[in-house]
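Undergrad: 3D model of this:
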Amino acid sequence: MASLFAGLLTLMLLDFTGVLHTWLGWMAKVQFLPAVLALNIGVVVCLLLLTLVFGRVYCSVICPLGVFQDLVSWFAGKFRKNRFRYSKALSKLRYIVLLLFIASLLDGTGFLLVKLLAPYSAYGRMVSSLLQPIYIGMNNGLAWVAERVGSYAFYSVDVWMKSLPLLGIAILTFVVLVVLAWRGGRTYCNTICPVGTLLGLVSRFSWMKPVIDTEKCNGCGLCERNCKASCINSKGHDIDYSRCVACMNCIDKCKRGAIKYVPVWGSKGKKVSNEAATCSADTSRRAFVLTATAMAAGAALKAEEKTVDGGLAEILDKKVPKRQTAILPPGALTAKHFADHCTACQLCVSACPNGVLRPSTSFEHFMQPELSYERGYCRPECTRCSQVCPAGAIKPITRETKASTQVGHAVWLRDNCIVLTDGVSCGNCERHCPTGAIQMVPLDQDKGHGKGRGRSHSIPVIDVERCIGCGACENLCPARPYSAIYVEGHLATKLI
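TA: Predicted coordinates:
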């Protein structure tokens, strides 16, 4: 069940067509932190109730980062059996990290800590930075084969590095998690992860728990040596339920049937009545899987790049202009709202079909997406980013609203315009402006630049009130390496 959930969620993060999100988007919305930031009270309450009834099943089934650690631990177990040992909980460290995490959420200025530690966001960064290039490469291989046989079932997509710092963070996160999971199983979940610590507090009082029957237990220690959460003290017949992720490994490994997953009362692993202990482990596990699945579902909201032109002259890559204000995605409302809600999970970056969203490299908004138009422009009819955001950082908007939402305004740079530098006619910016915010006027009407250039050439004039900041003018401007027209962002989006 856990592998299926994590596999489908990973496919949704990899998908660049947006098709899978129509069916699987609810999987991102039932992740704990995005639900909290989106004020999705129904999902949060369901997850807390799920934990209160069954323990930390969210960590073992729904959280993709937890399943990833289990996968690494499973591989490690092929080389070394029964390798775990009971260890005391590092409670002070866990609660300090949780308090810092909550303070960062409330304050907003320390949101970098939230983005780094949030489990869903960390997994999203690893998938988009490390796995998606491989996925797109495989897609491009299929597209190449399909083209040769006259089929268009696949189409080629550019593979490009969206952010070098983000790639470094993703690699570091991957290495740390692999090392910790290889050596100690769920070390990250039970030491650093703030979501795990919070749900661990709730799971102390869960109704269903694995309980050791001291009359049947012979002290062999198999349960302790196979507990990836290192929370079973076989000598003391004690289980730390704040760290137990309800994986049921202990039940599978116990040869005497001394551990049962049964309803209990109280926060410690006390001996249960014989009547409760008669409940079989298999029945308990089936009930847990079916109920967890039902509650999770009920919480759901519903080619090769050209490098030369026709004359075989080299085409220079465009460089990012120095914007005073970053461009917010449509639906982001304000810069503060976006910064306070975005967890930098990279789902919108991966899903953007126009290649205009990329992680920010600025310290203040590090890893959070912003618009940049070197590889495309934000098409007025596209609302993909607002559809996929699980944290409420980008509010859902309609196509009609998107076409009227102003995220910035165009600025013309005289010194870069080829009409003035090369003395040729252009007008690309006017032709491609979807709102008609740009008009070309004759050079002789521009008093500072009309001498010796001829009356046939024109320069752009921008109506800032009509411009929505889509970036079509910036992207399609032939000037290199910097466009002669670029978009300056706004601190708040507005309808025009």
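Undergrad: name the SS class of C382, please.
TA: Using DSSP: H, G, I helix; E, B strand; the rest coil as the criterion, the local structure at C382 reads coil.
Undergrad: what about it, how many residues nearby?
TA: A count of neighbours around C382, defined by other C-beta atoms under 10 Å, yields 19. In this view, the C-beta of every residue, glycine as well, is placed from N, C-alpha and C.
Undergrad: next: the one 5 residues further on.
TA: As a burial measure, the neighbour count of Q387 was computed by other C-beta under 10 Å and equals 17.
Undergrad: over to L39?
TA: Neighbour number of L39 under other C-beta under 10 Å is 11.
Undergrad: do Q324 as well
TA: Using other C-beta under 10 Å as the criterion, the residues surrounding Q324 number 7.
Undergrad: and the gap between it and G408?
TA: Look at Q324 and G408: by C-beta to C-beta, to the nearest Å, they are 10 Å apart.
Undergrad: swap in K115?
TA: The span separating K115 from G408 equals 24 Å under the rule C-beta to C-beta.
Undergrad: more neighbours, these two?
TA: Remark: of K115 and G408, G408 carries more neighbours, 25 against 20, as counted by other C-beta under 10 Å.
Undergrad: SS state for the residue nearest to the more buried one when sequence neighbours are not counted?
TA: Of all residues beyond its chain neighbours, the one nearest G408 is G469 (3.1 Å), with distances taken as C-beta to C-beta, 6 or more residues apart in numbering. Taken by three-state DSSP, the conformation at G469 corresponds to coil.
Undergrad: now swap in N190 and tell me
TA: Assigned state for N190: coil (three-state reduction, three-state DSSP).
Undergrad: number of nearby residues for the residue nearest to G408?
TA: Residue crowding around G469 was assessed by other C-beta under 10 Å; the count is 28.
Undergrad: distance-wise, check the nearest residue to C193 once chain neighbours are set aside relative to L443.
TA: Once its chain neighbours are removed from consideration, C193 has its nearest residue in P119; the separation is 5.6 Å (C-beta to C-beta, 6+ apart). Using C-beta to C-beta, one obtains 58 Å as the distance from P119 to L443.
Undergrad: more neighbours, those two?
TA: More neighbours surround P119 than the other of P119 and L443, with 26 against 22 (other C-beta under 10 Å).
Undergrad: quick one, phi psi at that one?
TA: phi -60, psi -40 (degrees, to the nearest 10).
Undergrad: these two touch, right, it and V195?
TA: Yes. Here P119 lies in contact with V195, judged by C-beta atoms under 8 Å, at a distance of 5.7 Å.
Undergrad: any common contacting residues for these two?
TA: Common contacts of P119 and V195, defined by C-beta atoms under 8 Å, 6 or more residues apart in numbering, comprise 33, 63.
Undergrad: which other helices and strands contact the longest strand anywhere in the chain?
TA: Among the elements of the chain assigned as strand by DSSP state E, the one spanning the most residues is strand 485-495. Under the contact definition 3 or more C-beta pairs under 8 Å, 6 or more residues apart in numbering; DSSP states H and E, strand 485-495 sits against strand 369-371, strand 405-412, helix 472-476.
Undergrad: so how many other residues sit close to L222?
TA: L222 has 21 neighbouring residues, counting by other C-beta under 10 Å.
Undergrad: so how far is V114 from the residue nearest to it when sequence neighbours are not counted?
TA: When the adjacent residues along the chain are set aside, L222 lies closest to K253, with 4.7 Å between them (C-beta to C-beta, 6+ apart). Plainly put, K253 is 37 Å away from V114 if you go by C-beta to C-beta.
Undergrad: who has more neighbours out of those two?
TA: A direct count of neighbours by other C-beta under 10 Å for K253 and V114 places V114 higher, at 23 against 16.
Undergrad: need the three-state assignment for the more buried one.
TA: Three-state call for V114 (three-state DSSP): helix.
Undergrad: so for it, what's the pLDDT?
TA: Looking at V114, its pLDDT stands at 83.
Undergrad: any chance you could map the strands in this structure?
TA: 208-212, 232-233, 238-239, 259-263, 357-359, 369-371, 405-412, 438-442, 458-462, 485-495.
Undergrad: would you format those as a markdown table with mean pLDDT and distance to T17 included?
TA: Formatted as a markdown table, the entries for the strands of the chain read as follows, by pLDDT from 0 to 100; distance: least, C-beta to C-beta, whole Å:
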| stretch | mean pLDDT | distance to T17 |
| --- | --- | --- |
| strand 208-212 | 89 | 40 |
| strand 232-233 | 90 | 45 |
| strand 238-239 | 89 | 45 |
| strand 259-263 | 88 | 41 |
| strand 357-359 | 91 | 15 |
| strand 369-371 | 93 | 19 |
| strand 405-412 | 95 | 24 |
| strand 438-442 | 92 | 32 |
| strand 458-462 | 93 | 34 |
| strand 485-495 | 93 | 26 |
